[in-house]
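[1] kindly return the folded structure for what I paste below:
(chains A, B, C and D)
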There are 2 protein chains.
Amino acid sequence: MDTALDRAVRVFRDRGYHATSIGDLTAAMRLATGSVYKAFRDKHAVFLAAFERYTALRQEQTRSAAERGANGREQIRNVLLSYVEHSQGVEGRRGCLVVGSAIELSAHDPVVAARVSAQLATNEKLIARLIRDGQADGSIPCHVPADETARLMLCITQGMRVVGKTRLPLDGRRLVDVAMKLLA
Amino acid sequence: MDTALDRAVRVFRDRGYHATSIGDLTAAMRLATGSVYKAFRDKHAVFLAAFERYTALRQEQTRSAAERGANGREQIRNVLLSYVEHSQGVEGRRGCLVVGSAIELSAHDPVVAARVSAQLATNEKLIARLIRDGQADGSIPCHVPADETARLMLCITQGMRVVGKTRLPLDGRRLVDVAMKLLA
DNA sequence: CATAATAGGGAATGAACGTTTCCGAATAAA
DNA sequence: TTTATTCGGAAACGTTCATTCCCTATTATG
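    Residues are numbered from 1 along each chain as shown, chains lettered A, B, ... in the order given. Down below sits the predicted model:
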């Protein structure tokens, strides 16, 4: 079932919600129509489950990227680098389910809107915490405004996913180097 | 006809391409089905015309924002501020047709993908030019890498539109102040 | 004045969609 | 072995969609 959900995630990331038909879904999940409707109430429920699964996975990935840093500054660098990599190439063109949901659904779907907001807030808080950690361990100057900088970095990460959907190549390391000036 | 197209822009920005039916379109444009199909080949053509009109308008708006600055640095600040304002409140929730097209269509629609890429490239080049102008007039240090910084600022602007689709309030001036550190 | 041409409106159409329902196979219980 | 139950598969349903066709005003033209 989880592997079927992973396949659903792929389709939704690739095509978005409205452009994904039940037929696309059953083909990707390798399930018949009836089976999908036995496991989920409707298409919307499949999407919500896929969203949940996607965010759990991504959360784990950026957390583990952060952990590979020796101090707050390096942890943020790793998070940004991880985002650049996920925004590039095949993975980038596949897109981000959070960004996709924000653009396609959040204006008219309160349930999705709430989950998107929660996910963005979580990401922003993670960055803010890493900034404060860095200020505590001396790797980031104290005059850096943690909350505003975190919000701007949130914009950067979400923007990278937008740019990554088109084919504009992102030169990861150099882009992150520039972004790190925000911590000066 | 142009006013009908403006109404079409509103609907597409609000709902996206796939969630907008011909019925929605005719209601918004105050035209009958037949009239729409007499003016445009199909729904896709309506969207392309709306996209064209939207980008022309936005281009004009950010250009004029830039012109209100006394030097390169202030021009960039004004462009960023203009983006924050357009990403906020009602206008922000209405969304950006470029971002929407990038997310919803560019992966499977080469025509739209080309226009989105072109628009992003234009925006990026404008910022890069303003950086170089600022370096020429002394308001921006010469060691700032124009192209990379421009690309990161492109990510920032597109990211603001994503965040602006949800209700997260963006504190414009402070956010831009932080972003201006990229020009230090 | 009569007629041709055009533009807009709205009903009709066929396809595709999301959803439901029913059927058969496999598994567990008796 | 027989019965009960669960699970996946596929056909059927009603709806909605994009698109086409035809009709009716209105304007321009001879």
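[2] only C-alpha atoms from now on, for both contacts and neighbour counts.
    Fine.
[3] tell me the buried residues in stretch A:93-110?
    A:93-107 (16 or more other Cα atoms under 10 Å in any protein chain shown).
[4] report back the residue of chain A that's furthest from centre.
    residue A:34 (31.0 Å; Cα atoms, centre = their mean).
[5] where does that residue land on pLDDT?
    pLDDT, residue A:34: 87.
[6] briefly note if the helix or strand that contains it comes near DNA strand C.
    Secondary structure assignment for residue A:34, by DSSP states H and E: helix A:33-39. Yes. Helix A:33-39 reaches DNA strand C (Cα under 7 Å from any atom of the strand) through A:33, A:34, A:37.
[7] and chain A, which residues reach DNA strand C?
    Close to DNA strand C, as judged by Cα under 7 Å from any atom of the strand, chain A has residues A:18, A:20, A:21, A:22, A:23, A:33, A:34, A:37, A:41, A:42, A:43, A:44.
[8] number of nearby residues for residue A:15?
    Residue A:15 has 21 neighbours, counted by other Cα atoms under 10 Å in any protein chain shown.
[9] if we can go back for a sec, now the residues of helix A:33-39 next to DNA strand C in a markdown table, with distance to residue A:124?
    Formatted as a markdown table, the residues of helix A:33-39 next to DNA strand C follow (distance: Cα to Cα, whole Å):
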| residue | distance to residue A:124 |
| --- | --- |
| A:33 | 39 |
| A:34 | 40 |
| A:37 | 36 |
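[10] setting aside sequence neighbours, what's the nearest residue to residue A:85?
    Using Cα to Cα, 6 or more residues apart in numbering or on different chains and skipping residues adjacent in sequence, the residue nearest residue A:85 is residue A:172, 7.0 Å away.
[11] thinking the one you found is in contact with residue A:84, fair?
    Yes. Taking contacts as Cα atoms under 8 Å, residue A:172 lies within contact range of residue A:84: 5.7 Å.
[12] give me the more crowded residue out of the two.
    residue A:84 (22 against 16).
[13] ok, and what's touching the host helix or strand of that one?
    Per DSSP H and E, residue A:84 falls inside helix A:72-86. Residues outside helix A:72-86 that contact it (Cα atoms under 8 Å, 6 or more residues apart in numbering or on different chains): A:62-63, A:65-69, A:92, A:127, A:130-135, A:137, A:139-140, A:157, A:160, A:170, A:172-173, A:176, A:180, A:183.
[14] what helices or strands is the following helix or strand past that helix leaning on?
    The helix or strand immediately downstream of helix A:72-86 is helix A:89-94, counting by DSSP H and E. Helices and strands touching helix A:89-94, by 3 or more Cα pairs under 8 Å, 6 or more residues apart in numbering or on different chains; DSSP states H and E, are helix A:2-15, helix A:146-165.
[15] is chain B contacted by the first one?
    So that's helix A:2-15. Yes. Using Cα under 8 Å from any Cα of the partner chain, we find that helix A:2-15 touches chain B at A:14, A:15.
[16] what does chain A put close to DNA strand D?
    Within reach of DNA strand D by Cα under 7 Å from any atom of the strand, chain A has these residues: A:30, A:31, A:32, A:33, A:34, A:35, A:38, A:39.
[17] quick check: the gap between the closest residue to DNA strand C within chain A and residue A:111.
    Relative to DNA strand C, the nearest point of chain A is residue A:21 (3.2 Å; Cα to the nearest atom of the strand). When Cα to Cα, to the nearest Å is applied, the distance between residue A:21 and residue A:111 equals 20 Å.
[18] of the two, who's got more company?
    Taking neighbours as other Cα under 10 Å, residue A:21 and residue A:111 compare with residue A:21 leading, 14 against 11.
[19] ok, back up a step: avg pLDDT for the helix or strand following the helix holding residue A:34?
    The helix or strand immediately downstream of helix A:33-39 is helix A:43-67, counting by DSSP H and E. Averaged across helix A:43-67, the pLDDT comes to 96.
[20] give me the buried positions along helix A:43-67.
    A:43, A:46-55, A:59, A:62-63, A:65-66.
[21] which element is residue A:119 on?
    Applying DSSP H and E, one finds residue A:119 within helix A:110-137.
[22] which intervals of chain A have sub-threshold pLDDT?
    A:1 (pLDDT under 70).
[23] from it, which residue is nearest to DNA strand D?
    For chain A, Cα to the nearest atom of the strand, closest residue to DNA strand D: residue A:34, 3.2 Å.
[24] where's that residue relative to residue A:127, distance?
    43 Å.
[25] chain neighbours aside, what residue packs nearest to residue A:19?
    residue B:18 (6.5 Å).
[26] and that neighbour, helix, strand or coil?
    With DSSP: H, G, I helix; E, B strand; the rest coil as the basis, residue B:18 sits in coil.
[27] for the residue of chain A found nearest chain B, list the residues it contacts.
    Nearest to chain B, among the residues of chain A, is residue A:159, at 3.6 Å (Cα to the nearest Cα). Residue A:159 makes contact with B:154, B:155, B:156, B:157, B:158, B:159, B:160, B:162, according to Cα under 8 Å, 6+ apart.
[28] hmm, residue A:112 is touching residue A:104, no?
    No. Look at residue A:112 against residue A:104 with Cα under 8 Å: they stay out of range, at 10.0 Å.
[29] what's next to stretch A:139-152, contact-wise?
    A:71-73, A:124-125, A:127-129, A:131-132, A:134-135, A:182-184, B:156, B:174-175, B:178-179.
[30] of those residues, select the buried ones using a PyMOL command.
    Burial among the contacts of stretch A:139-152 is assessed by 16+ other Cα under 10 Å; the matching PyMOL selection reads:
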select buried, (chain A and resi 71+72+73+124+125+127+128+129+131+132+134+135+182+183) or (chain B and resi 156+175+178+179)
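[31] alright, I will stop here.
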